[in-house]
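Participant: Here is a sequence with its predicted model. Questions after.
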Amino acid sequence: FVGIGEGGVHGWQRPTKTMIEVMSDYLVGKDPNLIEHHYQWLYRSSHFMGSVVQGALSAIDIALWDMKGKRLGVPIYDLMGGKTRDRVRCYMHVGGDTGEELAEDALRAKQQGFTAVRFTPFPNDYYLHKSYTEWADEAVERVGMVKDAVGSDVDICVEIHRQMNPAESIWLGRRLEQFNPFFYEDPMLPDSPARMAEVQAQCNIPIATGERFTTIFEYQQLLENGACAYVRPDLCLCGGLSGCKKVAAMAEAQHVKVIPHNPLSPVSTAACVQLDACIPNFALQEYTGESEPPKSVLLVEPLELIDGYLTVPEGPGLGIELNEDTLARIGEDPKVLDTPIGFDGSVQDR
């Protein structure tokens with residue numbers, strides 16, 4: 001049996017590949033059933049941890065669960081408590097250089113059957129703004145145009161991408177309350193849960209965050225501070241299916257729901273669906289669209305998407321089969337260092 005996994009350190013493909021290769025020396029010849037044991041052995045084998053280590057471990061964890069499901073002839077969710085839903089509600093990424101283009105793209109997603117859309121309220125050159133007022137006014141206008149376009153039938157999800165400091169995001173959040181966003185994502189850098197809790201307390205909008213976190217311990221701090229309404233674990237970064245199932249359980253104890261982060265390939269999507277299918281506190285699934293190459297040709301049979309919902313597959317393991325011919329032809333998408341520089345010449349957050 002062959003297990004499929006994916007590691008996601010968002011652009012740092014080569015270090016993650018190297019880490020998997022280093023870990024493979026330990027894994028060859030071991031019992032693939034001992035998923036948690038192998039994670040603990042590899043995670044605790046060095047003084048130093050971090051995103052590259054966790055990205056590699058996540059890929060291994062997903063692959064071992066896929067292998068186990070195939071060996072036993074059952075979906076992964078059957079091995080993690082059983083199915084809690086038949087379909088997974090998705091939100092679709094939308095975008096546009098102008099407010100009009102953004103609203104048109106959101107309307108297209110609605111016409112395709114999606115009942116939630118996610119977008120940034122800022123233009124691509126957000127980092128060149130000359131005043132906070134100019135920046136925030138444009139954001140409010142763009143969000144309003146999307147809301148007018150999709151109406152109350154579609155939830156809007158606003159993504160700040162950590163591009164504001166707490167004071168800025170609080171004031172913008174208050175202005176966005178009128179549009180009733182489903183969530184307000186990453187309104188500041190995630191490295192201070194206490195400060196994030198202040199943003200949550202002063203904005204009457206649910207905050208979603210956590211996509212950069214690599215361990216359950218970071219989520220513990222986030223939840224203890226009451227800093228969000230939704231957690232966003234990345235299955236390809238935060239310990240795979242095993243790690244993110246733990247995050248979901250921690251969140252459940254705080255009445256917090258789960259919106260898995262998923263900017264990668266259909267393998268990541270398939271892993272997310274397995275998690276979504278077996279947790280009671282699932283809210284929404286990130287979906288970037290898989291109808292265009294290379295995503296559309298990576299799997300022999302794509303996951304079924306109907307009216308903005310992914311059908312939970314019944315096949316063993318992840319329920320997918322890689323198209324080996326396509327995989328062999330896909331080249332590396334190399335990391336490009338393009339950190340934005342602001343109007344005053346200073347480094348800006350992305």
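Facilitator: Cool, got the structure. Numbering: from 1, shown residues only.
Participant: Every contact and neighbour count from this point should use C-alpha atoms.
Facilitator: OK.
Participant: quick check: longest helix of this structure.
Facilitator: Longest helix in the chain by number of residues, with DSSP state H as the criterion: helix 51-72.
Participant: same question for that helix, mean pLDDT?
Facilitator: Helix 51-72 carries an average pLDDT of 97.
Participant: and that helix, what does it pack onto?
Facilitator: Counting contacts by 3 or more CA pairs under 8 Å, 6 or more residues apart in numbering; DSSP states H and E, helix 51-72 packs against helix 13-27, helix 35-43, helix 76-79, helix 240-252.
Participant: Go through the ones you listed and name the closest to R142.
Facilitator: helix 240-252 (31.8 Å; CA to CA).
Participant: Distance from the helix or strand that that closest one is followed by to the middle of the chain?
Facilitator: Using DSSP states H and E, the helix or strand that directly follows helix 240-252 along the chain is strand 257-258. Relative to the centre of its chain, strand 257-258 is centred 12 Å away, using CA atoms, centre = their mean, to the nearest Å.
Participant: Other residues contacting strand 257-258?
Facilitator: Strand 257-258 is contacted from outside by 229-233, 248, 251, 281-284, using CA atoms under 8 Å, 6 or more residues apart in numbering.
Participant: that older thread, for A56, find the nearest of the helices and strands packed on helix 51-72.
Facilitator: helix 13-27 (5.2 Å).
Participant: What mean pLDDT does the closest one get?
Facilitator: On average, helix 13-27 scores 94.
Participant: Give me the contacts around it.
Facilitator: 7, 9, 38, 42, 52-53, 55-57, 60, 334-335.
Participant: Check which residues of it are buried.
Facilitator: Neighbour-count burial for helix 13-27 flags 13, 16, 19-20 (criterion: 16 or more other CA atoms under 10 Å).
Participant: can I get those in CSV with distance to T339?
Facilitator: Converted to CSV, those look like this (distance: CA to CA, whole Å):
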residue, distance to T339
Q13, 18
T16, 21
M19, 25
I20, 27
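Participant: What is the nearest of those residues to N165?
Facilitator: For the buried residues of helix 13-27, the nearest to N165 is Q13 (29.3 Å; CA to CA).
Participant: returning to what we had before: for the longest helix of the chain, the distance to its chain's centre please.
Facilitator: Distance, centroid of helix 51-72 to centroid of chain: 17 Å (CA atoms, centre = their mean).
Participant: Check stretch 261-276 too.
Facilitator: Relative to the chain's own centre, stretch 261-276 is displaced by 8 Å; criterion: CA atoms, centre = their mean.
Participant: got the CA coordinates for it in PDB?
Facilitator: In PDB, the C-alpha atoms belonging to stretch 261-276 read as follows (Å, rounded to 0.1, in the frame of the first residue of the first chain):
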ATOM      1  CA  HIS A 261      -6.600  26.300   6.100                       C
ATOM      2  CA  ASN A 262      -6.200  24.900   2.600                       C
ATOM      3  CA  PRO A 263      -4.300  26.900  -0.100                       C
ATOM      4  CA  LEU A 264      -2.500  23.900  -1.600                       C
ATOM      5  CA  SER A 265      -3.300  21.000  -3.900                       C
ATOM      6  CA  PRO A 266      -6.300  18.600  -4.000                       C
ATOM      7  CA  VAL A 267      -4.300  16.300  -1.700                       C
ATOM      8  CA  SER A 268      -4.600  18.900   1.000                       C
ATOM      9  CA  THR A 269      -8.300  19.300   0.200                       C
ATOM     10  CA  ALA A 270      -8.900  15.600   0.500                       C
ATOM     11  CA  ALA A 271      -7.100  15.500   3.900                       C
ATOM     12  CA  CYS A 272      -9.200  18.500   5.100                       C
ATOM     13  CA  VAL A 273     -12.400  16.700   4.000                       C
ATOM     14  CA  GLN A 274     -11.500  13.700   6.100                       C
ATOM     15  CA  LEU A 275     -11.000  15.900   9.100                       C
ATOM     16  CA  ASP A 276     -14.200  17.900   8.500                       C
END
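Participant: picking that back up, which one of the contacts of helix 13-27 is nearest to A208?
Facilitator: V9 (19.6 Å).
Participant: looking at it, A59 is touching S242, isn't it?
Facilitator: No: using CA atoms under 8 Å, A59 is not in contact with S242, being 11.1 Å away.
Participant: Mind checking which of the two has more residues around it?
Facilitator: Using other CA atoms under 10 Å as the criterion, A59 and S242 rank with A59 on top: 26 against 19.
Participant: how about that one, what does it touch?
Facilitator: Counted by CA under 8 Å, 6+ apart, A59 has contacts 4-7, 236, 240.
Participant: Save the contacts of strand 257-258 as TSV, and put in neighbour count, distance to I205 and pLDDT too.
Facilitator: Shown next, in TSV, are the contacts of strand 257-258 (neighbours: other CA atoms under 10 Å; distance: CA to CA, whole Å; pLDDT from 0 to 100):
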residue	neighbour count	distance to I205	pLDDT
A229	20	9	98
Y230	26	11	98
V231	27	14	98
R232	27	16	98
P233	30	20	98
A248	26	21	98
A251	23	18	98
N281	19	19	98
F282	23	19	98
A283	17	16	98
L284	20	16	98
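Participant: The residue nearest to V2 when sequence neighbours are not counted: neighbour count?
Facilitator: Of all residues not flanking V2 in the chain, M67 sits nearest, at 5.8 Å (CA to CA, 6 or more residues apart in numbering). Look at M67: counted by other CA under 10 Å, it has 23 neighbours.
Participant: how about the strands in the stretch 201-350 of the chain?
Facilitator: Assigned by DSSP state E, counting those that start in this stretch, the stretch 201-350 of the chain shows strands spanning 207-209, 230-231, 257-258, 285-287, 305-306, 309-311.
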